[in-house]
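In: show me the folded form of this:
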Amino acid sequence: FLVFVRDQKLDALSVRGSYAGAFGIPQFMPGSWRRWGIDFDGDGRADLRASHADAIGSVANYFARNGWRPGEAVVTRARLQGAGNDTLFTDNVTATGTDYSRVKPEYADNFDVGYRYAGRNVGLSATVYHITYTNKIVNLSGTAAKDYTNTGAGSVLVNVGGLESYGTELAANYRLGGGFSLLGTFSSNRATYTENTPDGTILKGKRVVDTPDLIASYGLLYNRDGFSAGLVGKSTGKLYGTYSNDNYAKAYSVFDFNLGYTRTLPGRDFIRSIGFDLNVANVADKSYLGAVSTNDQGYVKSDAAGT
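Out: The predicted model follows:
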């Protein structure tokens, strides 16, 4: 993200995205934006936040660069088959899948308050938030669906009751001069389930799966006379992989390095600029778990053995 805002000449404190870090019209992650984003409307920059043309062209570029061929479909029609009224529970699950007539709408109440300061060389922001979900919808698949329904259902959508999430987000940038700048972000989040599911898979007070408690990024960047470089670190806290919280991925930190050069060619219509980028991910070659699941079948109630 820090390298991305440097390349796009954006204020790091002004960019807003989803909880997972995706932003813009096509909801690209920062690395995907840098890799697949293109200037499709010809204004000299790939603006996926405001330009629908750039967003459409970038999604098409993503398809083309990942094996899609002209004439092939970009969507597939799906047909859902249920089991009529043969429901196992009154909590939206049928014997072979989801009874969508029983799934309740999901609601969320969000409260946040923050402060932002932008000076000549310093930018700061701080936000605290509190979110409550009602009738939270979760897609259970594989082993998790079997645990929940006691059937061979491949995938089910269920209301798991409520979730509560609260935390703090901090961000800062400082221009050192000479093309150098320091950037850093910190996010602390505590998300818990507020209700029990009828079968006991999800219990009130347990931490929400696949939601780290801490995320921090920090970096030293350089950008001057067409040359750019950056050393960026990311630290991620504990990540639970079971609903009982008995298995989790440990906290980890990784560092990435970027070196690039861009030269603008004035007066040219066909080629407006040339450049190169060298990106080295995980410079220290650190081994870590980015997620926890059971036999690639999703999240389950318990897996103390780490299978």
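In: please state the offset of stretch 15-32 from the chain centre?
Out: Distance of stretch 15-32 from the chain centroid (CA atoms, centre = their mean, to the nearest Å) equals 7 Å.
In: and that stretch, C-alpha only, in CSV?
Out: Provided in CSV are the C-alpha atoms of stretch 15-32 (Å, rounded to 0.1, in the frame of the first residue of the first chain):
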residue,chain,number,x,y,z
VAL,A,15,-7.3,6.5,0.6
ARG,A,16,-10.2,4.5,2.1
GLY,A,17,-10.8,0.8,1.5
SER,A,18,-12.5,-2.3,2.8
TYR,A,19,-11.5,-4.0,6.0
ALA,A,20,-9.3,-6.3,3.9
GLY,A,21,-7.5,-3.5,2.1
ALA,A,22,-9.3,-3.5,-1.3
PHE,A,23,-10.4,-0.2,-2.7
GLY,A,24,-11.5,1.6,-5.9
ILE,A,25,-14.4,0.7,-8.2
PRO,A,26,-13.1,-2.9,-9.0
GLN,A,27,-12.0,-3.4,-5.3
PHE,A,28,-8.4,-4.3,-6.3
MET,A,29,-5.8,-4.8,-3.6
PRO,A,30,-2.9,-2.4,-3.8
GLY,A,31,-0.6,-5.0,-5.4
SER,A,32,-3.3,-5.9,-8.0
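In: buried ones in it?
Out: The neighbour-count check on stretch 15-32 (16 or more other CB atoms under 10 Å) flags 15, 23-26, 28-30, 32 as buried. C-betas here are computed from N, CA, C, even on glycine.
In: for stretch 164-183, same thing?
Out: Buried-residue list, stretch 164-183, by 16+ other CB under 10 Å: 165-167, 169-173, 175, 181, 183.
In: pLDDT averaged over that stretch - what is it?
Out: Averaging pLDDT along stretch 164-183 gives 91.
In: what segments of the chain are helices?
Out: Listed in chain order, the helices of the chain (DSSP state H) span 2-8, 30-36, 52-65, 142-149.
In: hey, least reliable of these by pLDDT?
Out: Looking at those, the lowest mean pLDDT belongs to helix 142-149 (a mean of 53).
In: flag the shaky bits of the stretch 201-307 of the chain, pLDDT-wise.
Out: 267-270, 291-299, 304, 306-307 (pLDDT under 70).
In: break down it into its strands, ranges please.
Out: For the stretch 201-307 of the chain, strands defined by DSSP state E, counting those that start in this stretch occupy the ranges 214-224, 227-236, 239-240, 248-249, 252-264, 273-280.
In: can you lay out those strands as a markdown table showing distance to Tyr129 and mean neighbour count?
Out: Below are the strands of the stretch 201-307 of the chain laid out as a markdown table (distance: least, CB to CB, whole Å; neighbours: other CB atoms under 10 Å):
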| stretch | distance to Tyr129 | mean neighbour count |
| --- | --- | --- |
| strand 214-224 | 14 | 17 |
| strand 227-236 | 19 | 18 |
| strand 239-240 | 20 | 21 |
| strand 248-249 | 23 | 18 |
| strand 252-264 | 25 | 16 |
| strand 273-280 | 32 | 12 |
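In: nearest to Ala64, of those?
Out: Closest to Ala64 of those, according to CB to CB: strand 273-280, at 19.9 Å.
In: hmm, who's touching the closest one?
Out: 226, 256-265 (CB atoms under 8 Å, 6 or more residues apart in numbering).
In: how many neighbours does Asp41 have?
Out: As a burial measure, Asp41 scores 16 neighbours (other CB atoms under 10 Å).
In: so it sits against Ala53, correct?
Out: Yes. The pair Asp41 / Ala53 is scored as a contact, 3.9 Å apart, by CB atoms under 8 Å.
In: do you know how far Gly114 is from Ala171?
Out: Gly114 sits 10 Å away from Ala171, going by CB to CB, to the nearest Å.
In: overlap in contacts of these two?
Out: Common contacts of Gly114 and Ala171, defined by CB under 8 Å, 6+ apart, comprise 125-126.
In: separation between the closest residue to Tyr288 other than its chain neighbours and Ser188?
Out: Spatial nearest neighbour of Tyr288, chain neighbours left out: Tyr252 (3.7 Å); criterion: CB to CB, 6 or more residues apart in numbering. For Tyr252, the distance to Ser188 (CB to CB) stands at 17 Å.
In: with Arg34 instead?
Out: Relative to Ser188, and taking CB to CB, Arg34 is found at 27 Å.
In: Ile25: what's it in contact with?
Out: Contact analysis of Ile25 by CB under 8 Å, 6+ apart lists 48-49, 51-52, 55.
In: and if we set it to 10 Å?
Out: For Ile25, the contact set (CB atoms under 10 Å, 6 or more residues apart in numbering) comprises 47-52, 54-56, 58-59.
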